[in-house]
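**Q** Turn this into a structure:
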Amino acid sequence: MKKTLLSTAILAGLVSATAQAATVYDADGTSLDVGGRVEVRGDFLGNGGEKLDGSMQDMSRARIHLDGETEISEGLTGFGFTEVEYKPDGDFSTRYLFAGLGTQLGDFSYGKQDTANVQISNMTDIASVHSGIQQIINGASDKQKGAFVYSEGFFDDALAVNLDYVTSDAADSDSYGASALYSFDFGLDLGGSYTNADNDQNQATFGAAYTLNDLYVAVTYAMGDASKTEDFTSLEAAVQYQFTEKFRLIGILGNQDLDGSKANAYALEAQYRFNSALRTFVSYAYLDQDEIDPNITEDSLVAGLRYDF
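**A** Coordinates of the predicted model:
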């Protein structure tokens, strides 16, 4: 499993890429966009499930991505995307690295990329820090290497369909998945996905979201098997209200039950966006694992400043 209980998922970051990318080359049917973010942030209470010994855990990071596309012929394009992340301690990692072909029948790509389930789990993964618990097994998670993905929109892109097959160099670890998300014109989104892996893992995820002016509410529910002997359920609810053009509040409620071991999490985030490039936020989360051990409770208080480019 990628994530078992909320204690290992509580600090999962927002997956979506920045929208501030700049086009640095565009000629003869070929374009290249460059973007990223610089995010300084720290946790003043928790440390990934453990209490701090010092005053703050530094969680700062920076990301840079390249997004390219070239026109091959009418109705046929080629594309590539990569994103890297590095941290103050020198830790460097590749988040995404994939390339593919865009056709009139849909997009086909291969590399390190999101699986089909992610478009459903993203419905409630809206917070800067404390959200995104519905990617339970590896085959239903983001940033999986060796992934073949097909994606296409139908009915004027109201229906988004994703299919994937994820290969692995480990025995009996390949997986496949499918998802569909339909967006109604009155603000309602409904979706579902299913993932099955050769190592006796499977996951079904269902999601619903509704947008009404400045209010957004969403719920996702996942269920499946983590192994032959362990099953799980997971619920995440998210609500966001944009009070002004710059200020918004986000609330998250999460629950996981892994073979009888239960955990609950509650988070509240205040976010202020100075403009489309710069934002600051404060997020508080409370983790309750009383069903496992009455002595295990954990708080997290993260403050940060993020610049997108």
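**Q** Tell me the strands beside the helix or strand hosting Val239, with direction?
**A** Using DSSP states H and E, Val239 sits within strand 231-242. Sheet pairing here is set by DSSP bridges, and for strand 231-242 it gives strand 215-225 (antiparallel), strand 247-258 (antiparallel).
**Q** To Asp43, which of the ones you listed lies closest?
**A** strand 247-258 (15.9 Å; C-beta to C-beta). Using the backbone N, CA and C atoms, a C-beta is placed for each residue, glycine as well.
**Q** Off-centre distance for stretch 127-142?
**A** 5 Å (C-alpha atoms, centre = their mean, to the nearest Å).
**Q** Same check on stretch 80-97?
**A** The answer for stretch 80-97 is 16 Å, by C-alpha atoms, centre = their mean.
**Q** Can you tell me which of the strands paired with strand 231-242 is nearest to Val129?
**A** Closest approach to Val129 among those is made by strand 247-258 (9.5 Å; C-beta to C-beta).
**Q** Need the residues that contact the closest one.
**A** Strand 247-258 has contacts (C-beta atoms under 8 Å, 6 or more residues apart in numbering) with 4-6, 9, 124, 126-127, 130-131, 133, 226, 230, 232-243, 262-273, 283, 285.
**Q** starting at the chain centroid, how far to that strand?
**A** On C-alpha atoms, centre = their mean, the centre of strand 247-258 falls 14 Å from that of its chain.
**Q** Can I get it as CSV, trimmed to CA atoms?
**A** Only the C-alpha atoms of strand 247-258 are listed here, as CSV (Å, rounded to 0.1, in the frame of the first residue of the first chain):
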residue,chain,number,x,y,z
PHE,A,247,-9.6,35.3,1.0
ARG,A,248,-11.1,31.7,1.3
LEU,A,249,-11.6,29.1,4.0
ILE,A,250,-11.2,25.3,3.3
GLY,A,251,-12.4,22.5,5.6
ILE,A,252,-11.4,18.9,5.4
LEU,A,253,-12.8,15.8,7.1
GLY,A,254,-11.2,12.4,6.6
ASN,A,255,-11.8,8.9,7.9
GLN,A,256,-10.0,5.6,7.2
ASP,A,257,-10.7,2.1,8.4
LEU,A,258,-8.0,-0.5,7.5
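**Q** quick check: mean pLDDT across it?
**A** Across strand 247-258, pLDDT averages out at 95.
**Q** Then stretch 25-33?
**A** Rounded mean pLDDT across stretch 25-33 is 94.
**Q** Low-confidence bits of the stretch 101-250 of the chain, can you list those?
**A** Along the stretch 101-250 of the chain, no part satisfies pLDDT under 70.
**Q** ranges for the strands of it?
**A** Using DSSP state E, counting those that start in this stretch, the strands of the stretch 101-250 of the chain run over residues 106-113, 144-154, 159-166, 175-183, 188-197, 202-212, 215-225, 231-242, 247-258.
**Q** I'd like to know how many residues surround Thr229.
**A** 8 (other C-beta atoms under 10 Å).
**Q** looking at the strands paired with strand 231-242, which is closest to Gly90?
**A** Among the strands paired with strand 231-242, the nearest to Gly90 by C-beta to C-beta is strand 247-258 (31.3 Å).
**Q** who's in contact with Asp231?
**A** Met223, Gly224, Asp225, Asp259.
**Q** Any chance of a markdown table for those, columns distance to Gly42 and neighbour count?
**A** Shown next, in a markdown table, are the contacts of Asp231 (distance: C-beta to C-beta, whole Å; neighbours: other C-beta atoms under 10 Å):
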| residue | distance to Gly42 | neighbour count |
| --- | --- | --- |
| Met223 | 35 | 16 |
| Gly224 | 35 | 21 |
| Asp225 | 37 | 18 |
| Asp259 | 34 | 13 |
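**Q** Of those, just say which sits nearest to Phe79.
**A** Gly224 (31.8 Å).
**Q** residues touching the closest one, list them.
**A** Going by C-beta under 8 Å, 6+ apart, Gly224 touches Ile136, Ile137, Thr195, Gln201, Asn202, Gln203, Ala204, Asp231, Phe232.
**Q** give me that answer again for 7 Å
**A** Ile136, Ile137, Asn202, Gln203, Ala204, Asp231, Phe232 (C-beta atoms under 7 Å, 6 or more residues apart in numbering).
**Q** just Leu105 next, same as before
**A** By C-beta under 7 Å, 6+ apart, the contact list for Leu105 reads Glu152.
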